[in-house]
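**Student:** Quick check, what structure comes out for this input:
(one chain, ligands or ions: 2)
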Amino acid sequence: MLDAKAYVESVKAAIQQRDPEQVEFQEAVFAVLDSLVPVLEKHPRVIQENLLERLVEPERVIEFRVPWQDDAGSFHVNRGYRVQFNSAIGPYKGGLRFHPSVNLSTVKFLGFEQTFKNSLTGLPIGGGKGGSDFDPKGKSDSEVMRFCQSFMTELARHIGPDLDVPAGDIGVGGREVGYLFGAYKRLRGYQNGVLTGKNLTFGGSLARTEATGYGLLYYTQAMLHANSDQIAGKKIKISGSGNVAIYALQKATEMGATVVTVSDSDGFVYDPAGIDDGVVRQIKEVKRGRIKEYVKEVPTAVYHPGSVWDFDVEYDIALPCATQNEIDEAQAKAMVQQHVKYICEGANMPSDEQAIAVYHENGIAYGPAKAANAGGVAVSALEMSQNSERLSWTFNEVDDRLEKIMHDIFAESEKAAEDYGLAGNYQAGANIAGFKKVAIAMIAQGLV
Ligand SMILES: NC(=O)C1=CN([C@@H]2O[C@H](COP(=O)(O)OP(=O)(O)OC[C@H]3O[C@@H](n4cnc5c(N)ncnc54)[C@H](O)[C@@H]3O)[C@@H](O)[C@H]2O)C=CC1
Ligand SMILES: O=C(O)CCC(=O)C(=O)O
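**Tutor:** Numbering: from 1, shown residues only. Ligands and ions are numbered 1, 2, ... in the order given. This is a model prediction of the structure:
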């Protein structure tokens with residue numbers, strides 16, 4: 001039998017050989033595999049049963065054509081995906097992303113991460129993810145509706161409340177989930193629990209909209225407490241201005257921090273006095289506009305084109321909430337110069353591999369996405385519970401459960417790191433804690 005390190009290297013080599021072009025997928029998988037070496041040393045059965053090679057292969061990949069018509073009558077076609085990654089601990093669960101950058105590598109990396117994230121929530125949900133290279137930016141409501149209807153025409157046969165439950169992600173919010181739900185209903189009948197992130201009038205959960213951003217701050221709070229520190233009085237940079245960023249901004253401000261930036265793919269706004277979440281919501285959620293419009297509403301703020309991570313200002317906490325690989329090595333080194341002490345990821349895989357190495361080398365406490373942004377999917381699972389019992393819980397009931405789940409995720413990750421001699425490495429801790437439950441379930445279920 002191979003030793004743990006050699007086994008991990010052999011699994012990596014097999015992935016590289018099988019899917020050489022899937023760079024995001026490799027990035028996500030390799031980071032997890034590397035941190036599992038100490039677990040394999042303690043539990044050789046994982047190697048005997050070749051569990052890692054099975055774990056990195058999705059159970060099912062669905063790829064399909066999505067034809068749709070624009071308002072001028074022209075015909076278009078996009079590509080749709082659903083990756084049903086792992087159902088060891090529950091039905092596939094994870095969002096749908098509509099963005100031109102979506103390809104199989106993106107959806108596989110997101111589905112792989114989702115499997116570990118969902119395990120960390122402590123709730124019975126497996127991992128999945130999907131989406132399309134369709135760009136909703138600049139499209140009318142009726143174009144988005146026609147696209148969603150076409151997308152669901154194919155997806156409907158693969159999902160169900162106990163089988164696979166999609167939700168939103170980049171480019172898929174309440175509007176899109178509504179259109180997708182309506183299309184599913186016409187095809188297969190009313191199934192309340194087939195999607196989450198629904199409108200409150202047809203089975204949505206209170207606090208789902210806020211959950212990822214609020215959850216990120218509950219996780220950050222737990223991390224700061226563990227380091228005898230607190231959020232009140234801290235200066236925070238946030239990237240992004242979508243669902244996650246907006247509610248992270250709102251909760252951070254409520255906790256007494258000052259959030260000095262938010263961004264979109266063109267640029268960012270900076271206001272040392274603090275960004276106003278109400279104004280950002282109005283621009284992004286109501287007008288569906290660009291973040292540069294913020295300075296028209298708040299003249300003390302300044303708009304800069306480019307990345308927020310290149311902007312030179314001292315601050316304490318980084319909360320990347322935009323997209324994958326938005327922070328590279330040079331930007332991580334700039335964070336060190338700017339005296340950042342904590343980074344907690346709202347987006348999925350926003351820091352590249354070299355950036356993460358810089359955090360570890362320089363003692364920045366690092367909360368990885370699969371732990372720090374698990375609040376969204378956790379409340380999605382609570383939405384599934386409410387749909388099953390045909391009840392709606394109050395905002396506070398959901399929010400209290402969310403807070404506890406996020407504190408538990410931090411505590412479990414912290415303990416797993418300590419158990420394996422890696423105290424303070426919350427990245428390794430999250431990978432190990434997320435892996436354990438999935439591995440036990442897969443072994444118990446035989447050759448799956
Ligand atoms: N919505 C949810 O419940 C969850 C979302 N996430 C992750 O959070 C991140 C953001 O998702 P949402 O807020 O839901 O999406 P969204 O579509 O509401 O917002 C995305 C935001 O990121 C910005 N953005 C996109 N590409 C960018 C770039 N290259 N540079 C700077 N900004 C860029 C967009 O302008 C927009 O403001 C994604 O990585 C997503 O996978 C993670 C967990 C749950
Ligand atoms: O709520 C969900 O099911 C999906 C959330 C999601 O896509 C994520 O955690 O990245």
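**Student:** From now on I want contacts and neighbour counts done on CA atoms only, so please keep to that.
**Tutor:** Noted.
**Student:** In contact with E383, which residues?
**Tutor:** G193, T196, G197, G203, G204, S205, R208 (Cα atoms under 8 Å, 6 or more residues apart in numbering).
**Student:** hmm, 6 Å instead?
**Tutor:** Residues counted as contacts of E383 (Cα atoms under 6 Å, 6 or more residues apart in numbering) are S205.
**Student:** quick one: it from Y184, how far?
**Tutor:** As judged by Cα to Cα, to the nearest Å, E383 and Y184 stand 18 Å apart.
**Student:** do the same with Y247
**Tutor:** On the measure of Cα to Cα, Y247 and Y184 end up 29 Å apart.
**Student:** what's the answer for Y214, then?
**Tutor:** 30 Å.
**Student:** Neighbour count: the two, which is higher?
**Tutor:** Y214 (30 against 26; other Cα atoms under 10 Å).
**Student:** quick check, distance from the helix or strand encompassing the more buried one to the centre of its chain.
**Tutor:** Assigned by DSSP states H and E, Y214 belongs to helix 208-226. Here helix 208-226 is found 13 Å from its chain centre; the criterion is Cα atoms, centre = their mean, to the nearest Å.
**Student:** For that helix, list every residue counted as buried.
**Tutor:** 208-224 (16 or more other Cα atoms under 10 Å).
**Student:** So V83, which state does it fall into?
**Tutor:** strand (DSSP: H, G, I helix; E, B strand; the rest coil).
**Student:** Tell me how far it lies from E63.
**Tutor:** The value you get for V83 to E63, if Cα to Cα is used, is 8 Å.
**Student:** And for N348?
**Tutor:** From N348 to E63 the distance is 22 Å (Cα to Cα).
**Student:** Looking at these two, which is more packed in?
**Tutor:** Neighbours were tallied for N348 and for E63 using other Cα under 10 Å; the higher tally belongs to N348 (22 against 18).
**Student:** And the pLDDT at the more buried one?
**Tutor:** N348 carries a pLDDT score of 98 in this model.
**Student:** For it, give me its contacts.
**Tutor:** Here N348 is in contact with Q324, A369 (criterion: Cα under 6 Å, 6+ apart).
**Student:** and stretch 396-411, does that touch ligand 2?
**Tutor:** No - against ligand 2, stretch 396-411 shows no contacts by Cα under 6 Å from any ligand atom, the least distance being 12.8 Å.
**Student:** For the helix ranked longest in the chain, what is the distance to the chain centroid?
**Tutor:** Longest helix in the chain by number of residues (criterion: DSSP state H): helix 395-419. In this view, helix 395-419 has its centroid 16 Å away from the chain centroid, taken as Cα atoms, centre = their mean.
**Student:** which outside residues touch that helix?
**Tutor:** Residues contacting helix 395-419 (Cα under 6 Å, 6+ apart): L206, A207, Y218, Y219, A222, A423, Y426, G429, A430, A433.
**Student:** Try it again at 8 Å.
**Tutor:** Contacts for helix 395-419 (Cα under 8 Å, 6+ apart): 120-122, 206-207, 211, 215-216, 218-219, 222-223, 371-372, 374-375, 378-379, 382, 423-433.
**Student:** and the angle from that helix to helix 208-226?
**Tutor:** Interaxial angle, helix 395-419 versus helix 208-226 (axes from the mean of the first three to the mean of the last three Cα atoms, to 10 degrees): 40 degrees.
**Student:** Return the set of buried residues in helix 395-419.
**Tutor:** For helix 395-419, a neighbour-count test (16+ other Cα under 10 Å) marks 398-399, 402-403, 405-418 as buried.
**Student:** how far away is D310 from R82?
**Tutor:** In terms of Cα to Cα, D310 sits 35 Å off from R82.
**Student:** so T261 sits in a helix?
**Tutor:** No - assessed by three-state DSSP, T261 does not belong to a helix; its assignment is strand.
**Student:** what's across from the closest residue to it other than its chain neighbours in the sheet?
**Tutor:** Among residues not flanking T261 along the chain, Y270 sits closest, at 4.7 Å (Cα to Cα, 6 or more residues apart in numbering). Beta-bridge pairing for Y270 (DSSP bridges): T261, V302.
**Student:** hang on, Y270 packs against A301?
**Tutor:** Yes - Y270 is within contact range of A301, at 5.6 Å (criterion: Cα atoms under 8 Å).
**Student:** residues in the stretch 101-250 of the chain within reach of ligand 2, list them.
**Tutor:** Counting by Cα under 6 Å from any ligand atom, the stretch 101-250 of the chain sits next to ligand 2 at P166, A167, G168, D169.
**Student:** just curious, which of the residues you listed is nearest to S101?
**Tutor:** D169 (13.3 Å; Cα to Cα).
**Student:** so where do the helices sit in the stretch 251-400 of the chain?
**Tutor:** 277-281, 294-297, 329-337, 353-361, 369-372, 375-389, 395-419 (DSSP state H, counting those that start in this stretch).
**Student:** can you give me the angle the helix or strand just after the last one makes with helix 395-419?
**Tutor:** Which is helix 395-419. Toward the C-terminal end, the helix or strand that comes next after helix 395-419 (DSSP H and E) is helix 426-444. Angle between the axes of helix 426-444 and helix 395-419 is 90 degrees (criterion: the same axes, to 10 degrees).
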